[in-house]
Structure formats: C-alpha cells, structure tokens
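1. Predicted coordinates and the sequence they were generated for:
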Amino acid sequence: MLVFPVLGSLYQLVNQPTDNVYSLVTPLDQATPFIKYFALPYGVWIFYIYVCIVYFFFKDRPSFYRSILLYTVCALTCYVIYLVFQTTVPRPVVVGDDPFAMLMRFIYKRDQPFNCFPSIHCFSSYMVMRMIWQSPARNRKNVSLITGMSLLIILSTLFIKQHVIMDVIGAIALVEIYNFLFIKLPALHKNKVAAERREFQA
C-alpha cells in the first residue's frame, strides 16, 4: 500500500494548468445544483478507499491485490490523460461560515480545478464497489454499505461541482477496461487451459 503516497506525489506534479484546458460541461451538468453538504462524503473519500482495501486484505486477499493493481494502473492512466487532455469545471462562489461551507472552501483550495477527466474519486469508489460485488466475502451488509457509500461519493463529485458527468463515465469505463484486461481475461484464459487439459487427459 506504499504505492498510494507515491501516486499522491505524482498527482501533485500534474495538478497544474497547461496551455490548453478543455471543458466537458453539458447542459445536464449546468442544471445540476450545487449542494455544499456533499462536501462531507467527498472529503472522506481517501479514508473510505483505505478502509475498503484494508477490509479486502483481511477478508478477501485476492481482491486486495486486485484493488491495488487496478488503482495503480487507473491512476497512472489518469495522470497521462491529464498531461495531454486537461479539463476543468467552473466552480461557484461558496458563501457562509458554517462547517460545510468551510469544508467546501478547503476542498477547493486543496484541489485545483484541473485534471477532472477521468475522475480519480469516481474510479476508485466504483472500483471498490465493483470488487465487493464479485468478492466471495460479499454479504448483504458489506455490499449495501460499500455500494451506498461509493454511489454517495460519486454523486458528491457532481453536486459540489468538482466533476461533470463525462468524468464519471470515463472513470467507470477505465475500471471496466482494466478489470477485463487484468482480471477477467486471465481468468478466461486459465479456465480455457484447464478445460483443454481435462479434455486431453480424458
């Protein structure tokens, strides 16, 4: 898990504006309201991801290693995309002195309005949700908790105007592509080889 601080350091290097910055804002994004209360699930995102991955470590070791692999390749892919296709999202002016408004201003100050597509918050939240769906350790409680929290974080990226719908779609597509390449495809090949070996032995 030491890969996480390394990836975080790399992100800081690409979290700067470039000469060409694009916008993927759609009319639906413009119609989506700004809701500062979603700053809370957005803010606890990284702790939530850590908790999920540690949970996999104790309950489903293969899902733990798959999560580390998927997170790493997805994050590195995002960084490459940020370097060649940087997008931004217009931010509203945050008013008020309540805890949610202060947290919202802290989030905006800490994370520049660049490097939006695909969303790291969204791909990682979708990733742990995807993992629990296919984990042998799944049960009604952990599936409900992880699915609910992941969806809440994904929605929060839209409601605090940190990301747009295309950022979410790109994040989900990224996980699905690498999940197929690194998990499903090797499993299919392994099953095929095993079937051929059984047929040969028969």
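-> Right, received. Where do you want to start?

2. Test for you: state the pLDDT assigned to Glu196.
-> Glu196 is assigned a predicted lDDT (pLDDT) of 69.

3. And Glu199, by the same measure?
-> Listed pLDDT for Glu199 reads 72.

4. ok so it is a strand residue?
-> No. Under DSSP: H, G, I helix; E, B strand; the rest coil, Glu199 falls outside any strand and is assigned helix.

5. For it, which residues are in contact?
-> By C-beta atoms under 8 Å, 6 or more residues apart in numbering, no residues touch Glu199. (Each C-beta comes from the backbone N, C-alpha and C, glycine too.)

6. Mind jotting down where the helices sit in this protein?
-> For the chain, applying DSSP state H gives helices covering 3-14, 27-31, 39-43, 45-59, 61-84, 99-110, 120-133, 140-159, 165-179, 185-201.

7. Contacts for the fifth one next, please.
-> With contact meaning C-beta under 8 Å, 6+ apart, helix 61-84 is reached by 1, 3-4, 7, 10-11, 14-15, 18, 49, 52-53, 56-57, 114-115, 117-118, 120, 123-124, 127-128, 131-132, 134-135, 137, 174-175, 178-179, 182-183.

8. so it versus helix 45-59, what angle?
-> 150 degrees (axes from the mean of the first three to the mean of the last three C-alpha atoms, to 10 degrees).

9. Alpha carbons only: can I get helix 61-84 in CSV?
-> Taking Å, rounded to 0.1, in the frame of the first residue of the first chain, the C-alpha atoms of helix 61-84 are listed here in CSV:
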residue,chain,number,x,y,z
ARG,A,61,-6.8,-11.4,-0.1
PRO,A,62,-7.1,-11.8,-4.0
SER,A,63,-9.5,-8.8,-4.1
PHE,A,64,-6.9,-6.8,-2.1
TYR,A,65,-4.2,-7.4,-4.6
ARG,A,66,-6.6,-6.8,-7.5
SER,A,67,-7.6,-3.5,-5.9
ILE,A,68,-4.0,-2.3,-5.6
LEU,A,69,-3.3,-3.3,-9.2
LEU,A,70,-6.5,-1.6,-10.6
TYR,A,71,-6.0,1.5,-8.5
THR,A,72,-2.4,1.9,-9.7
VAL,A,73,-3.0,1.4,-13.4
CYS,A,74,-6.1,3.5,-13.4
ALA,A,75,-4.3,6.4,-11.5
LEU,A,76,-1.3,6.3,-13.8
THR,A,77,-3.6,6.3,-16.8
CYS,A,78,-5.4,9.3,-15.4
TYR,A,79,-2.1,11.2,-15.0
VAL,A,80,-1.2,10.5,-18.6
ILE,A,81,-4.6,11.8,-19.8
TYR,A,82,-4.3,14.9,-17.6
LEU,A,83,-1.0,15.7,-19.3
VAL,A,84,-2.4,15.5,-22.8
